[in-house]
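Asks: I would like the atomic coordinates for the input below:
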Amino acid sequence: MDRGGDGSDLELQKQQWARTQDALKGRLVLEDDFEWSLPSVSSNSDQSDARGKLKYIGGFDISFLKEDPSTACAAVVVLDADTLEIVHEEFDVVRMQVPYIPGFLAFREWYKVYYVWTVV
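Replies: Numbering: from 1, shown residues only. Next up, the predicted model:
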């Protein structure tokens with residue numbers, strides 16, 4: 001990124017990310033309005049519920065090597081909501097090309113996590 005040593009490339013990157021953040025603010029969802037319910041152990045399959053039954057639960061994370069903070073492992077795990085059994089998992093060891101900049105974590109990490117999501 002900053003090849004000249006004066007920080008100008010990094011500052012330009014921060015300005016671009018700040019503009020993108022401002023543009024995305026209007027699309028921010030603050031409340032989950034999707035109707036769903038947890039599977040019930042006592043319910044039988046013939047019962048109907050107006051809400052959709054939650055079938056899967058997923059989680060993402062990215063972790064960095066202590067010895068080399070530019071190396072990370074991005075992972076996604078999907079569980080069956082009823083049994084909590086793992087139904088799918090993906091990971092990818094990646095090299096981070098962008099330094100950590102406070103306030104812009106998603107811009108650094110999202111593309112690496114997005115890759116493992118697309119494989120699901």
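Asks: following the helix or strand hosting residue 59, which helix or strand comes up?
Replies: Following DSSP states H and E, the helix or strand that holds residue 59 is strand 56-64. Using DSSP H and E, the next helix or strand after strand 56-64 towards the C-terminus is strand 71-80.
Asks: show me the shaky parts of the chain.
Replies: 1-7, 41-51 (pLDDT under 70).
Asks: which stretches of it form helices?
Replies: Assigned by DSSP state H, the chain shows helices spanning 8-24, 105-119.
Asks: and among those, the most buried is which?
Replies: With neighbours defined as mean count of other Cβ atoms under 10 Å, the helices of the chain peak in mean count at helix 105-119, which reaches a mean of 15. Bear in mind the C-beta positions are built from the backbone N, C-alpha and C, glycine included.
Asks: can you dump the C-alpha coordinates of that helix into CSV?
Replies: Provided in CSV are the C-alpha atoms of helix 105-119 (Å, rounded to 0.1, in the frame of the first residue of the first chain):
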residue,chain,number,x,y,z
LEU,A,105,-11.9,-3.4,10.3
ALA,A,106,-14.5,-4.8,7.8
PHE,A,107,-12.7,-3.3,4.9
ARG,A,108,-9.6,-5.3,5.8
GLU,A,109,-11.3,-8.6,6.7
TRP,A,110,-14.6,-8.8,4.8
TYR,A,111,-13.2,-10.1,1.5
LYS,A,112,-11.4,-12.9,3.2
VAL,A,113,-14.6,-13.9,5.1
TYR,A,114,-16.8,-13.4,2.0
TYR,A,115,-14.7,-15.9,0.1
VAL,A,116,-15.4,-18.7,2.6
TRP,A,117,-19.1,-17.7,2.6
THR,A,118,-19.3,-18.1,-1.2
VAL,A,119,-18.1,-21.6,-0.9
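Asks: same for that helix, what does it pack against?
Replies: Helix 105-119 makes packing contacts with strand 56-64, strand 71-80, strand 86-95 when contacts are defined by 3 or more Cβ pairs under 8 Å, 6 or more residues apart in numbering; DSSP states H and E.
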